[in-house]
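K.L.:
the following block contains a protein sequence and its predicted model.
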Amino acid sequence: MTDAVQFGPHLTSAGVRFRLWAPAARRVDLVLDRDHAMQATSAGWYEVMIAGAGAGTLYKFRIDGELEVPDPASHFQPQDVFGPSEVIDHHAYRWQAPDWRGRPWQDTAILELHVGAFTADGSFRAAIDKLDHVVDTGLTAIELMPLADFAGRRNWGYDGVLLYAPDSSYGRPDDLKALIDAAHLRGLMVFLDVVYNHFGPEGNFLGRYAPSFFTSAHTPWGNAIDYRVPQVRAFAIENALHWLRHYRFDGLRLDAVHAIVTPGEPSLLHELSVAVGRFAAQSGRQIHLVLENDNNAAGLLDPQTDPPQGRYRAQWNDDYHHAWHVLLTGESQGYYCDYVANPLDQLARTLGSGFGYQGEASPHRDGRPRGEPSGHLSPLAFVNFLQNHDQIGNRPPGDRLVAQADPSAVAAALAVTLLAPMPPLLFMGEEWSSARPFPFFCDFQGELAMAVRCGRRREFAQAYAKFGDAIPDPLAEGTFLAAVLNWEARDRPPGRERLKLIGELLAVRAREISPRLAGARFGSARRDGSVLMVDWTLGDENKLALAANLSNTSAVAAKELPTGRALWNGAPPRQLPPWSVYWSIGAS
């Protein structure tokens with residue numbers, strides 16, 4: 001693939017060149033104040049140059065004289081997915097932090113957030129007002145759930161259909177740039193969740209004029225995208241570069257790449273990483289790519305090579321979450337069945353060598369093997385978390401861990417997560433123990449709305465039968481409003497106490513651990529009853545050690561306790577109190 005941009009409007013001093021890849025169309029017209037016939041060029045492309053057009057021009061395409069559609073690479077949709085696309089001048093924004101080049105991956109501590117539910121106003125501009133809170137907490141990055149334009153006023157973001165356009169419900173493109181700019185001024189990285197495994201179900205017209213975008217295969221959310229087709233592959237890679245170039249995101253998290261059914265050869269993931277690495281080198285910026293991948297493919301990960309050479313910095317580690325969730329709640333439905341037999345052993349394995357499943361048979365997957373050996377990788381290759389949007393929202397009521405587990409047990413889990421050498425992630429409000437739910441919500445209409453409503457209930461009917469009819473209606477506005485954070489709770493007990501704990505833990509991480517993570521290696525992990533003992537060798541050859549009693553009863557500690565300088569809770573006693581966590585650092 002070349003570096004030349006193929007998709008979307010091209011703004012020049014003379015006007016705007018409009019292009020559309022429509023291989024199944026017999027004729028394409030550009031719709032402005034009147035129709036302009038577009039010239040068929042090669043390989044299914046249509047284009048036309050409109051002199052005098054500029055930023056703010058609203059346009060559509062008419063296919064075969066019968067169907068008006070937005071630009072699939074529209075940069076903004078001021079009237080939602082069925083309205084006209086708008087030409088955006090990305091050079092007009094004046095960056096306040098033009099010299100920002102990013103931060104090294106080992107500095108990473110992430111707050112994941114949904115722009116619409118992060119504040120009462122639910123906008124890019126309103127989020128700026130909360131950035132000082134993120135910095136004061138000790139976090140170094142925010143990660144935005146998907147922004148690609150979706151149908152309706154509210155959505156988790158994974159139903160995007162116009163992948164280049166930030167959804168207008170949150171503000172205009174310059175408002176998003178202002179948020180990222182303000183974050184950079186405060187030293188915060190900003191990551192974006194992107195979806196390349198499917199398009200949303202409403203507002204996607206590609207099947208009409210470019211059916212070769214799709215295969216006959218399916219994902220759980222819609223038709224699979226065919227990345228064997230060069231133009232389709234270019235669409236995704238250009239999209240990644242679009243967010244990084246025009247909005248200056250510091251990295252991308254690629255959603256559910258295991259559901260990219262036809263990745264092509266070489267794999268889309270490889271070529272996208274190479275293209276981003278080339279752009280990072282040319283721009284002098286530190287850019288980080290992260291995966292969500294149920295396949296636990298260790299071969300895709302390399303957190304320390306720059307540029308990434310076709311690989312990815314890290315993967316969200318679901319195994320780490322699942323082991324903790326079973327240990328803290330005792331739940332066993334759905335994918336948790338893989339962790340019920342030995343959650344502490346699984347937790348030890350994730351802390352000691354990365355993935356919990358590294359090729360073993362997965363009962364939840366009908367006994368199929370899952371994963372690859374990962375202990376040779378750096379701990380930096382695994383993003384660890386106790387909650388995220390999925391793990392909260394995949395529960396029928398969208399209830400958080402605070403509603404399911406003992407607070408002292410959750411505090412112990414946080415003390416492990418935030419000081420382990422893996423990059424930690426919190427979900428918005430978790431830093432003050434928010435009890436606000438985060439159920440799935442959307443704003444579809446008609447038959448699609450009913451299908452989503454019924455499908456949601458079918459999905460939970462067996463695994464979560466205990467909830468019965470107490471499942472929020474994903475289409476109801478009240479379901480969304482219930483998810484909006486209540487920031488006043490941050491300043492009241494128990495929010496104030498939890499925020500203090502998180503701040504203290506992240507301060508230790510920033511002072512003692514993050515500066516030593518480049519070159520860190522896995523060490524050993526062992527369990528003696530409820531006592532977990534883990535150590536890692538850091539980049540400066542110091543040993544980071546953990547001793548924790550992860551149970552409700554006092555426990556006799558293992559024979560060989562850490563002997564280095566105490567980082568958290570002092571030196572561990574011979575009898576560890578319930579849910580107690582001790583960290584130390586010393587010479588290997």
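P.N.:
Structure's in. What do you need? Because the structure is predicted, anything quoted here is derived from the model rather than measured.
K.L.:
doesn't Pro369 lie inside a strand?
P.N.:
Yes - under DSSP: H, G, I helix; E, B strand; the rest coil, Pro369 falls within a strand.
K.L.:
I figured it was touching Ala361, is that so?
P.N.:
Yes - judged on CB atoms under 8 Å, Pro369 makes contact with Ala361 at a distance of 5.7 Å. Just so you know, the C-beta spots here come from the backbone N, C-alpha and C atoms, and that holds for glycine as well.
K.L.:
in stretch 254-265, which residues are buried?
P.N.:
Neighbour-count burial for stretch 254-265 flags Leu254, Asp255, Ala256, Val257, Ala259, Ile260, Val261, Thr262, Pro263, Gly264 (criterion: 16 or more other CB atoms under 10 Å).
K.L.:
in contact with the third one, which residues?
P.N.:
With contacts taken as CB atoms under 8 Å, 6 or more residues apart in numbering, Ala256 has the following neighbours: Val195, Asn197, Thr219, Glu292, Asn293, Asp294.
K.L.:
kindly recompute the last result at 7 Å.
P.N.:
Applying CB atoms under 7 Å, 6 or more residues apart in numbering, one finds that Ala256 lies in contact with Asn197, Glu292.
K.L.:
how about the buried residues of stretch 254-265, which pair is most distant?
P.N.:
Largest separation among the buried residues of stretch 254-265 by CB to CB: Asp255 and Gly264, giving 18.1 Å.
K.L.:
in stretch 141-160, what counts as buried?
P.N.:
141-152, 154-160.
K.L.:
correction: the previous question concerned stretch 506-522.
P.N.:
Under 16+ other CB under 10 Å, the buried positions of stretch 506-522 are Leu506, Val508, Arg509, Glu512, Ile513, Ser514, Arg516, Leu517, Ala518, Ala520, Phe522.
K.L.:
narrow the buried residues of stretch 254-265 to those in helices?
P.N.:
When DSSP state H is applied, these are split such that none fall in helices.
K.L.:
so which of those comes closest to Gly203?
P.N.:
Asp255 (18.5 Å).
K.L.:
gap between that closest one and Val134?
P.N.:
22 Å (CB to CB, to the nearest Å).
K.L.:
and for Met145?
P.N.:
15 Å.
K.L.:
what do you get for Gly429?
P.N.:
Counting by CB to CB, the separation of Gly429 from Val134 is 12 Å.
K.L.:
more neighbours: which of those two?
P.N.:
Gly429 (26 against 23; other CB atoms under 10 Å).
K.L.:
tell me who's in contact with that one.
P.N.:
Arg436, Leu485.
K.L.:
quick one, phi psi at it?
P.N.:
The phi/psi pair for Gly429 (degrees, to the nearest 10) reads phi 90, psi -20.
K.L.:
mind checking how far it is from Pro439?
P.N.:
In terms of CB to CB, Gly429 sits 14 Å off from Pro439.
K.L.:
same thing with Thr329?
P.N.:
18 Å.
K.L.:
tell me which of those two has more neighbours.
P.N.:
Between Thr329 and Pro439, Pro439 has the larger neighbour count (other CB under 10 Å), namely 23 against 16.
K.L.:
and the next element down the chain from the helix-or-strand element of the chain with minimal mean pLDDT?
P.N.:
Least confident helix or strand of the chain, by mean pLDDT, DSSP states H and E, is helix 446-460 with a mean of 84. Sequence order places helix 477-483 as the next helix or strand after helix 446-460, per DSSP states H and E.
K.L.:
for that following helix, which outside residues touch it?
P.N.:
Residues contacting helix 477-483 (CB under 7 Å, 6+ apart): Ala117, Arg154, Gly398, Arg436, Pro437, Phe438, Pro439, Phe441, Pro472, Asp473.
K.L.:
tell me who's in contact with the last one.
P.N.:
The contact partners of Asp473, by CB under 7 Å, 6+ apart, come to Arg453, Thr479.
K.L.:
where does it land on pLDDT?
P.N.:
Per-residue confidence for Asp473 comes out at a pLDDT of 92.
K.L.:
is it fair to say Asp535 lies in a strand?
P.N.:
Yes - checked against three-state DSSP, Asp535 lies within a strand.
K.L.:
neighbours of it, how many?
P.N.:
With other CB under 10 Å as criterion, Asp535 counts 22.
K.L.:
quick one: Tyr164 and Pro9 touch, right?
P.N.:
No - using CB atoms under 7 Å, Tyr164 is not in contact with Pro9; the gap is 10.2 Å.
K.L.:
could I get the average pLDDT for stretch 370-380?
P.N.:
Averaging pLDDT residue by residue across stretch 370-380 gives 98.
K.L.:
list the buried ones in stretch 432-446?
P.N.:
Applying 16+ other CB under 10 Å to stretch 432-446 flags Trp432, Ser433, Ser434, Arg436, Pro437, Phe438, Pro439, Phe440, Phe441, Cys442, Asp443, Phe444 as buried.
K.L.:
can you pull the contacts of Thr140?
P.N.:
Per CB under 7 Å, 6+ apart, neighbours of Thr140: Arg103, Asp107, Thr108, Ala109, Leu188, Met189.
K.L.:
the second one: what's it in contact with?
P.N.:
Under the criterion of CB under 7 Å, 6+ apart, the contact partners of Asp107 comprise Thr140, Ser514.
K.L.:
how about 8 Å then?
P.N.:
Contact analysis of Asp107 by CB under 8 Å, 6+ apart lists Thr140, Met189, Ala510, Ser514.
K.L.:
the fourth one now?
P.N.:
For Ala109, the residues meeting the contact criterion (CB under 8 Å, 6+ apart) are Gly138, Leu139, Thr140, Ala141, Leu418, Pro423, Pro424, Leu425, Leu506, Arg509, Ala510, Ser514.
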